[in-house]
Each structure stands twice: as C-alpha cells, then as structure tokens.
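# Everything below, folded, please.
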Amino acid sequence: MQKWQVFVDWLVGTLKRLGAAALVGMMLLTCLDVILRKMGSPIFGAVEIVSLLATIVLACAMPQTHVEKGHVGVDLLMRRLTDRTQDITDAFTALAATILFGLVSWQMFGYAAVQKKSGEVSMSLELPTYAFVYLVAVAFCVLTLVIATDCLNKIRRALG
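Below is the predicted model:
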C-alpha cells in the first residue's frame with residue numbers, strides 16, 4: 001500500500017504542477033492582452049486560450065483539493081458520531097464518489113475520442129478540443145484513484 005500511496009501522490013503532484021503552470025499562463029496572457037489591447041492590438045484568441053487554461057486549472061486542482069480535504073463538507077451531525085461510525089460513513093461516501101468519478105472519467109475518455117474522430121476544434125484558433133477533454137479525463141481518473149485510496153484507508157481504520 002505504501003508504494004501505491006507514493007504513486008498516487010506523484011500523480012497528484014504532477015497534476016498540481018501542471019495546473020499551476022496553466023494558472024501562471026492565464027495570468028501572463030491576460031496581463032499581456034490587457035497591455036496590448038491598450039496599445040490597439042489585442043491578442044487574437046486570448047479569451048479562448050484563457051478559458052481552455054482555466055479548464056486545465058480546475059481539473060488539475062481537484063485531486064489536490066481532495067487530498068487536502070479542501071472541499072466543502074457538512075459535518076454538524078458527523079462530529080457527534082463515534083470515530084468508527086465516521087470512518088464507515090466516510091468509506092461509503094468515498095465509495096460512491098469513486099464510482100461517480102470513475103464513470104465520469106470513463107465517459108470523458110469516450111467523449112474525447114468522439115471529438116477526435118469528428119475533428120472538432122475551438123472556434124477562433126481551431127485548436128483540437130479533444131486534447132483538453134482527454135486531460136480533464138486523466139485528472140478525473142487521478143481523482144478517482146485518490147478517492148478510492150482514501151476509501152480503502154477509511155475501511156482499514158473502521159475495521160481496526
């Protein structure tokens with residue numbers, strides 16, 4: 001299990017760095033576009049590129065957010081339960097989330113394949129959109145692995 005956790009952590013770290021690079025790219029492109037727009041020559045397709053980079057940022061941030069428990073949680077009732085009951089409830093919730101994000105990831109891989117086959121591109125720059133959908137699918141796949149690992153850890157703790 002230790003090697004598996006190291007592998008999952010490496011995947012999450014890789015996505016985190018990719019998302020951070022996309023965020024920096026968004027910032028630089030937006031600043032440069034504003035400056036050039038004031039000079040009368042905006043960057044063609046800047047809005048499109050920024051929106052695609054935002055997709056990358058959001059998808060790549062999700063696994064790290066789960067690792068840090070940075071998502072919103074309602075725990076008014078949960079705090080009153082025993083630790084074992086909390087772990088069992090968390091394990092069931094994580095199992096449901098694993099199934100959900102596994103299905104979403106699987107469907108996104110299929111959707112990207114359809115986009116690639118049809119030759120779908122973005123409106124202005126005509127970038128192949130399937131590449132971004134594949135990236136989001138990979139990020140959701142990593143999120144599925146993170147949640148599944150968390151689920152197994154909760155089950156292990158609940159069983160003692």
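
# When you work out contacts or count neighbours from here on, use the C-alpha atoms and nothing else.
Will do.

# Taking the centroid of this structure, which residue is nearest it?
In the chain, the residue lying closest to the centroid (CA atoms, centre = their mean) is Ala59, at 2.8 Å.

# Just the helices from the protein, written as ranges.
2-38, 46-67, 83-118, 130-159 (DSSP state H).

# got these as TSV, with mean pLDDT and distance to Ser124 columns?
As requested, the helices of the chain are arranged in TSV below (pLDDT from 0 to 100; distance: least, CA to CA, whole Å):
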stretch	mean pLDDT	distance to Ser124
helix 2-38	96	16
helix 46-67	95	7
helix 83-118	94	17
helix 130-159	94	15
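
# Which one of those lies nearest to Asp75?
Nearest to Asp75 among those is helix 83-118 (9.9 Å), distances taken as CA to CA.

# and that closest one, what other elements does it pack with?
Judged by 3 or more CA pairs under 8 Å, 6 or more residues apart in numbering; DSSP states H and E, helix 83-118 is in contact with helix 130-159.

# Tell me how many other residues crowd Ala158.
17 (other CA atoms under 10 Å).

# How much space separates it from Thr129?
In this view, Ala158 and Thr129 are 43 Å apart by CA to CA, to the nearest Å.

# give me every residue that touches Gly102.
Neighbouring residues of Gly102 by CA atoms under 8 Å, 6 or more residues apart in numbering: Phe140, Cys141, Thr144.

# Relative to Arg157, how far out is Asp87?
7 Å.

# Just want to know which of the two has more residues nearby.
The neighbour comparison of Asp87 against Arg157 (other CA under 10 Å) goes to Asp87, with 21 against 14.

# I figured that one hits Ile155, correct?
Yes. In this structure, Asp87 is within contact of Ile155 by CA atoms under 8 Å, at 6.9 Å.

# Now do the same contact list for the residue nearest to Leu15 when sequence neighbours are not counted.
Residue nearest to Leu15 in three dimensions, not counting chain neighbours: Cys60, with 5.0 Å by CA to CA, 6 or more residues apart in numbering. Counting by CA under 8 Å, 6+ apart, Cys60 touches Leu15, Lys16, Leu18, Gly19, Val136, Ala139.
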